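*Asks:* Requesting a structural model of the entry that follows:
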Amino acid sequence: MRQKRILVVDDELFIAHILEFCLAMEGYDVVATGRGEEVSQLIAGLPLDLAIIDFTLPDTCGLDLARELVANERLREIPIILLTTDSDEIDMKEVGRAGVRTIVTKPINTPELIKTISVLFDASPIEEDEFAETG
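*Replies:* Next up is the predicted model:
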């Protein structure tokens, strides 16, 4: 059985690398980048099981990137976690429509994030307006 592959997109590269390290220690195969424009090339042809995307990226909005992933038939069902420093600034209905399953606020509680990922891997697909917020 292959390792679950997780995409991490965060322009704060130290966060991307910390997540990459922590998730790899949990047995996940991690692909990390700091730019949304690199995602298509990074994941082309690769199986992908989950995406963790920062809301604020230098070249795109995290929600737009989530929409791109959901629009891809191959990736349509993957859980998406949105990272943000302030969930109050985000339209929650828009988040659900973009395919995001949960929001995690920064600073990231890594053990809680790992637990959330485990739950998402065990969960069945949900409706577009259902998601959870963790902090």
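*Asks:* For the residue nearest the centre of the chain, give its distance to Lys106.
*Replies:* Nearest residue to the geometric centre of the chain (Cα atoms, centre = their mean): Ile52, 1.7 Å. From Ile52 across to Lys106, the span is 12 Å (Cβ to Cβ, to the nearest Å). For every residue, glycine as well, the C-beta is placed using N, CA and C.
*Asks:* Between these two, which contacts overlap?
*Replies:* Leu83 (Cβ atoms under 8 Å, 6 or more residues apart in numbering).
*Asks:* which residues touch the spatially closest residue to Asp54 that is not a sequence neighbour?
*Replies:* The shortest distance from Asp54 to any non-neighbouring residue, by Cβ to Cβ, 6 or more residues apart in numbering, is to Asp10 (4.2 Å). Listed by Cβ under 8 Å, 6+ apart, the contact set of Asp10 reads Ala16, Leu19, Ala32, Gly34, Ile52, Ile53, Asp54, Leu57, Leu83.
*Asks:* ditto for Asp64
*Replies:* Gly36, Ala98.
*Asks:* all helices for the protein, in order.
*Replies:* 13-25, 39-43, 62-71, 92-97, 110-122 (DSSP state H).
*Asks:* tell me the most buried of these?
*Replies:* helix 62-71 (a mean of 19; mean count of other Cβ atoms under 10 Å).
*Asks:* so which of the helices of the chain comes closest to Pro79?
*Replies:* helix 110-122 (4.0 Å; Cβ to Cβ).
*Asks:* and the residue nearest to the centre of the chain, what does it touch?
*Replies:* Ile6, Leu7, Val8, Val9, Asp10, Leu19, Ile80, Ile81, Leu83, Val104, Leu113.
*Asks:* cutoff 6 Å now
*Replies:* Val8, Ile81 (Cβ atoms under 6 Å, 6 or more residues apart in numbering).
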